[in-house]
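K.L.:
generate a structure from the sequence data that follows.
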Amino acid sequence: MARYTGPKEKIERRIGERLFLKGERSHSQKSAMVKKPYPPGLHGKKGSRKLSEFGLQLKSKQKVKNIYRLLERQFKNYIKSSLASKKEPYATILNKLESRLDNTVFRMGFGQSRDQARQLVSHGHILVNGKRVNIPSYEVSVGDTITVREGSKKSVFFSSLVNQWLKNYETPPWLEMNKDKLEGKVTGKPTVEESGIRPDDLQSIIEFYSR
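P.N.:
Residues are numbered from 1 along each chain as shown. This is a model prediction of the structure:
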């Protein structure tokens, strides 16, 4: 599966908001949004013009797409299929994005960023209902149990590093977590409020793809 491998903090500077793409660094004073809170490029410090309606829609689309670390084609498919379902659009879009296995692993606290969580899935460290799943886009369902493979638990990453940040990590309400066993269960569906995505961004994305 193709994925973006370029500079992550330039994306945040271009959009003008912290998207927390670099884990712990994004929360620190080392963040590029702290050091250089202006767009990248030669004329970045000069500021930017007021965005048009299309520009605002495009910005919302780029923001949410990059938060979930998706490329255009996959993100567009999620939005289009959500709108075609005729269900409540905000909840449907967020459920498709949040129920990805890589995002669920991130929400459980196994990775400090979605990129790190995706790598854990791709490298076969994660089990779903006891079976190894190495597809980041795999859609988890209510009742699914996600855990770390027994052999992987012995690695320095899981035995030491993960435990350091996991003890203070707060799992979202739609997940039930056993931190000692490195095991979680999907107990519900995430709400828009729990996702951290703004409703106005979702509305702008719907309008962008409905043109």
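
K.L.:
wait, residue 144 touches residue 127, no?
P.N.:
No. Using C-beta atoms under 8 Å, residue 144 makes no contact with residue 127, being 10.4 Å away. For glycine as for every other residue, the C-beta is placed from the backbone atoms N, C-alpha and C.

K.L.:
care to break the protein down by domain?
P.N.:
8-97+194-209, 100-186 (automatic domain parsing).

K.L.:
with mean neighbour count added, can I get those in a markdown table?
P.N.:
Converted to a markdown table, those look like this (neighbours: other C-beta atoms under 10 Å):
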| stretch | mean neighbour count |
| --- | --- |
| domain 8-97+194-209 | 16 |
| domain 100-186 | 17 |
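
K.L.:
dump those domains to TSV, plus mean pLDDT.
P.N.:
Shown next, in TSV, are the domains of the chain (pLDDT from 0 to 100):
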stretch	mean pLDDT
domain 8-97+194-209	80
domain 100-186	94
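
K.L.:
now do residue 154 against residue 101, distance only.
P.N.:
According to C-beta to C-beta, to the nearest Å, residue 154 and residue 101 sit 22 Å apart.

K.L.:
roughly how far does residue 210 sit from residue 95?
P.N.:
Counting by C-beta to C-beta, the separation of residue 210 from residue 95 is 19 Å.

K.L.:
state the distance from the closest residue to residue 208 other than its chain neighbours to residue 104.
P.N.:
Leaving aside its sequence neighbours, residue 208 sits nearest to residue 57 (C-beta to C-beta, 6 or more residues apart in numbering; 4.0 Å). Counting by C-beta to C-beta, the gap from residue 57 to residue 104 is 28 Å.
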